[in-house]
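Q: Return atomic coordinates for the entry below.
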Amino acid sequence: MRQVQPPAVHVPALHAHAMDELRYIRKTMERAGSFTAVPGWGGVMMGITAVVAAVIASRQIQPQAWISVWLREAVIASSIGLYTLIRKAHAVKMPLLSGPGLRFFLSFSPPLIVGALLTVGLYRAEAFRLIPGMWLLLYGTGVVTGGAFSVKVVPVMGLCFIGCGAVALFSSFALGNWFMAASFGGLQIAFGAMIARRFGG
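A: You can find the predicted model right below:
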C-alpha cells in the first residue's frame, strides 16, 4: 500500500526569528534609554532671544552692563527652555524625574552650576574678557554630557558650543559678544529647527 506523505510545512529558520526579536528588543531599549523631550521650537525661540540680547549687549559701554544684559537673557532663555521641555515631555509621556530624564538633568546641571560660580569669581576679579568663552565652554559641556542620554544631534550641538567657546576664550571681550550671538543665537536656532523637524517640537 502506497503511503501518502503530509504536505511540507515551511518553518522559518530559528536564527532569523531570533535576530528579528533581538533587533526589536534593542530598538525598544534605545527608545526607553533616550531622553527625547529636548525641545526643538523652544530652542529656536531661545536662539532668537539670544540674538536680540547680543544686539542690546553690544551697545553697552561698561562690562558690568553687558553681563547684566546676558544674565537677564539667561533667565528668559532658561524659562523658555524649561517650559517647552516640560510641555514636550508631557506630550510624549516621558517622566522628567526618573529614567533618562533624571540622567539628563544630573549630567546637564553640574557644568551650569560651575559656570555660575566661575561667573561670580571672574566678575569679582574683573576678568570680564574670559566670561563669554567660559559660558560657551561650560554650556557646551553640559549639552554634551546631558546629550549622552538624548538623541545624537544634541551632543553634536554641544561640541559646536565648545568649539566656539575655545576661540572666544582667547578673543577680545567685544568679539566674545558676537561668539555668544553665533552660538546661543545661531547654533541654538539651527539645531533647534533640526530637532523639531526630526524628533517633533
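
Q: Looking at stretch 148-158 now, give me its mean pLDDT.
A: Per-residue pLDDT values across stretch 148-158 average out to 88.

Q: meant to ask about stretch 55-74, not that
A: Within the predicted structure, the mean pLDDT of stretch 55-74 is 96.

Q: ok, and for it, which residues are buried?
A: For stretch 55-74, the neighbour count (16 or more other CB atoms under 10 Å) marks 57, 66, 67, 69, 70, 73, 74 as buried. Where you see a C-beta, it was placed from the backbone N, CA and C, and this is true even at glycine.

Q: what residues are up against the second one?
A: With CB atoms under 8 Å, 6 or more residues apart in numbering as the criterion, the residues that contact residue 66 are 57, 60, 128, 173, 177.

Q: Turn the residues you listed into TSV, columns for distance to residue 82 and secondary structure.
A: Putting the contacts of residue 66 into TSV (distance: CB to CB, whole Å; DSSP: H, G, I helix; E, B strand; the rest coil) gives the following:
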residue	distance to residue 82	secondary structure
57	23	helix
60	27	coil
128	28	helix
173	29	helix
177	25	helix
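
Q: Return the subset of the buried residues of stretch 55-74 lying in helices.
A: Assignment to helices by DSSP state H places the following of the buried residues of stretch 55-74 there: 57, 66, 67, 69, 70, 73, 74.

Q: if I look at residue 112, how far off is residue 135?
A: The span separating residue 112 from residue 135 equals 10 Å under the rule CB to CB, to the nearest Å.

Q: Have a look at those two and say which one is more surrounded.
A: For residue 112 and residue 135, the more surrounded residue by other CB atoms under 10 Å is residue 135, and the numbers stand at 26 against 18.

Q: if I pick the more buried one, what's in contact with it?
A: Shown here is residue 135, whose contacts under the criterion CB under 8 Å, 6+ apart are 70, 115, 119, 165, 180.

Q: among these, which are in helices?
A: Among the contacts of residue 135, the members falling in helices (DSSP H) are 70, 115, 119, 165, 180.

Q: most neighbours, which of these?
A: Taking other CB under 10 Å to define a neighbour, the member of those with the most is residue 180, carrying 27 neighbours.

Q: Brilliant, that's me finished.
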